[in-house]
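1. What follows is a predicted structure for the sequence shown.
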Amino acid sequence: MQLSKRVSTLSPSPTLAITAKAKALKEEGHDIIGLGAGEPDFNTPDYIIDAAVASMRDGLTKYTPSGGLPGLKDAIIAKFKEDQGLEYSREEIMVGTGAKHVLYTLFQALLDEGDEVIIPTPYWVSYPEQVKLAGGEPVYINGLEENDFKITPDQLEKAVTSRTKAIIINSPSNPTGSMYEKEELKAIGEAALKHNLVIVSDEIYEKLVYDGAQHYTIAEISEDLKENTVVINGVSKSHSMTGWRIGYAAGSQKLIKSMTSLASHSTSNPTTSSQYGAIAAYTEDDGSVEKMRESFEERLNRVYEKLIQIPGVACVKPKGAFYLFPNVKEAADRCGFNSVDDWVKALLEEEKVAVVPGSGFGAPDNIRLSYATSLDLLEKALDRIANFVKTHA
Ligand code: PLP
C-alpha cells in the first residue's frame, strides 16, 4: 500500500516511544523506573469526576456545538478575566479535544504550502510535525542554555523571511521548564508585530510554576499583541485531566470561526461529559490544584539538588512545568558514549531508568526527566543515574 507523502515524513513521538519501550521491559518483569511521563501522576480531583458523572446521569450525553458548550466557553472567558484581566467573547474561544488537537486545527487553519513557522528550540515534539502536516515549514531558533533556553528579539528578527507566518512561544516550556518574563515577552512581541506574525502562545503549563514565579501571557501586554496572539491552554496539566481531552484556543473571531468549522468536520465536538468536567474544573475549587502544584515543587527541589551533584551533569533550574532538562553531554563523553542517545539507551538497559533523549526536542546534548512520579521513585532513579555515571567513568 502506498501511503501519502504527508505521513511519510512524520517522526513518531520520541516521548511515547520511550514510554512504550519502558512499558514493554516492565511487562517482561524488569524493575523499570519511567521518567518519561508527560502527565501528572495524580488522579483527577473528585469534584470534577462527580460533575462529569452527574452530567451523564442527567442525560447530557449527546453532541454539543463543535467549538464547545456555551457554558464552558463562559467558564474559560471568566478564567481569562480573573487570571490576566483579558476580555474575550464566546466567538473568540474554541474548545477542542485537548490542546494538541487544537494546535493541529490551528495550523491547518493558518498555513498554506511553504509558510514558515518559527519554533524556538528546545521545542515540544509535536510543533514541527503539526506545522509540516499543514504544509508549513518549521524554522528553528536556538534558545541558548546560557539564556535559560529562551530566544531573543534579535534572533527572531534574523529568522524572519517574507514567508514567515507565525512564531510559537511556550512558557512555561516543555521540555525545559523555562519561563519568559513580562519584559522579554514585550520585546519579542514588538519584533513579531513589526513583521505582522501570528503569535501562538502555548500556556498549557500556566498553573505549574514554582518559587514564586509569575506566569504572563503575551496577549496581556497590549491590545495589538492580543489581536495577533492565539492563546492555547487546557485542563490536562493543571487539573490532571490528560485523558479527558479538553483544550482550547482564544484568538480573533475570524481564526476561531475557521478552526471551529474544521473541527465540525473532524471531531464534531469535544467529548460532552469531559466538557461538563472542565466547567467544574474552572468554576469550582477544592484546593487540589494548588496541592498538586506544591507536590511538584517539593519534588523539583529535591530532585534538582541530587541531579546537579552527578559529575558531568549541568542543569538550568526550571521555573515551571514538571520536567528537568539537564545537559549530560559531559557525562556521556566521560562514560565513552558517542552520543547522548546511546547513553540514554544504555541507562535503560543497565540501570532500568527511562528518560527521554533531548534529540527529539532539538537539543541532542540534553535529556528530559519528568518528575511527575513519586519522590521515592525519583530518588531511587537519581541514585541509579549516579551509579551509572560512576560505573562507566
Ligand atoms: N503543549 C505542550 C507544550 C504539551 O507539553 C502538551 C502535552 O504534553 C500539550 C500542548 C498537549 O496537551 P493536551 O493533553 O491538552 O493535548
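-> Okay, I see it.
2. okay, now the nearest residue to T272 once chain neighbours are set aside: neighbour count?
-> Leaving aside its sequence neighbours, T272 sits nearest to T64 (Cβ to Cβ, 6 or more residues apart in numbering; 5.3 Å). In this view, the C-beta of every residue, glycine as well, is placed from N, C-alpha and C. Neighbours of T64 under the rule other Cβ atoms under 10 Å: 19.
3. show me where the chain has strands.
-> Ranges of strands in the chain, per DSSP state E, are 33-34, 93-96, 116-121, 137-142, 164-170, 198-202, 229-234, 247-250, 323-324, 353-354, 356-357, 367-370.
4. Residues contacting the second one, please?
-> Yep, that's strand 93-96 we're talking about. By Cβ atoms under 8 Å, 6 or more residues apart in numbering, the surrounding residues in contact with strand 93-96 are 67-69, 72-73, 76-77, 102, 105, 246-250, 256, 259-260, 263, 267, 270, 275, 278.
5. repeat for the fourth one
-> With Cβ under 8 Å, 6+ apart as the test, strand 137-142 has contacts from 114-121, 123, 127-128, 131-132, 151, 155-156, 159, 161, 163-164, 362.
6. Could you verify my assumption that the residue nearest to T272 touches Q275?
-> Yes - counting by Cβ atoms under 8 Å, Q275 is a contact partner of T64 at 6.2 Å.
7. what's the overlap in contacts for those two?
-> Common neighbours of T64 and Q275, counting by Cβ under 8 Å, 6+ apart, are N269.
8. circling back: show me what contacts the residue nearest to T272?
-> Contacts for T64 were tallied using Cβ under 8 Å, 6+ apart; they are N269, P270, T272, Q275.
9. Over to P318: give its phi and psi.
-> For P318, the backbone dihedrals (degrees, to the nearest 10) come out as phi -70, psi 150.
10. wait, doesn't it sit right on N174?
-> No - the pair P318 / N174 is not scored as a contact, 10.1 Å apart, by Cβ under 8 Å.
11. sorry, back to before: what separates the residue nearest to T272 from I151, distance-wise?
-> Between T64 and I151 the distance is 38 Å, computed by Cβ to Cβ, to the nearest Å.
12. quick one, what contacts E39?
-> If you count contacts by Cβ under 8 Å, 6+ apart, E39 has them with S236, K237, S240, T242, A372.
13. and the first one, what pLDDT?
-> Yep, that's S236 we're talking about. Model confidence at S236, given as pLDDT, is 98.
14. Could you do V289 as well?
-> pLDDT for V289: 95.
15. and if you look at Y123?
-> pLDDT at Y123 comes out at 97.
16. State the distance from the nearest residue to it once chain neighbours are set aside to the ligand.
-> Once flanking residues are discounted, Y123 sits nearest to G362: 5.5 Å by Cβ to Cβ, 6+ apart. Between G362 and the ligand the distance is 13 Å, computed by Cβ to the nearest ligand atom, to the nearest Å.
17. can I assume G362 is in contact with P122?
-> Yes - G362 lies in contact with P122 (Cβ under 8 Å); the separation is 5.3 Å.
18. Would you mind putting the contacts of E39 into CSV with neighbour count and distance to the ligand alongside?
-> As requested, the contacts of E39 are arranged in CSV below (neighbours: other Cβ atoms under 10 Å; distance: Cβ to the nearest ligand atom, whole Å):
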residue, neighbour count, distance to the ligand
S236, 22, 4
K237, 25, 7
S240, 22, 11
T242, 17, 5
A372, 25, 11
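19. List the contacts of the closest residue to the ligand within the stretch 251-393 of the chain.
-> At 7.5 Å from the ligand, A321 is the closest residue in the stretch 251-393 of the chain, using Cβ to the nearest ligand atom. Counting by Cβ under 8 Å, 6+ apart, A321 touches P172, S173, N174, P175, G177, Y205, L208, K237.
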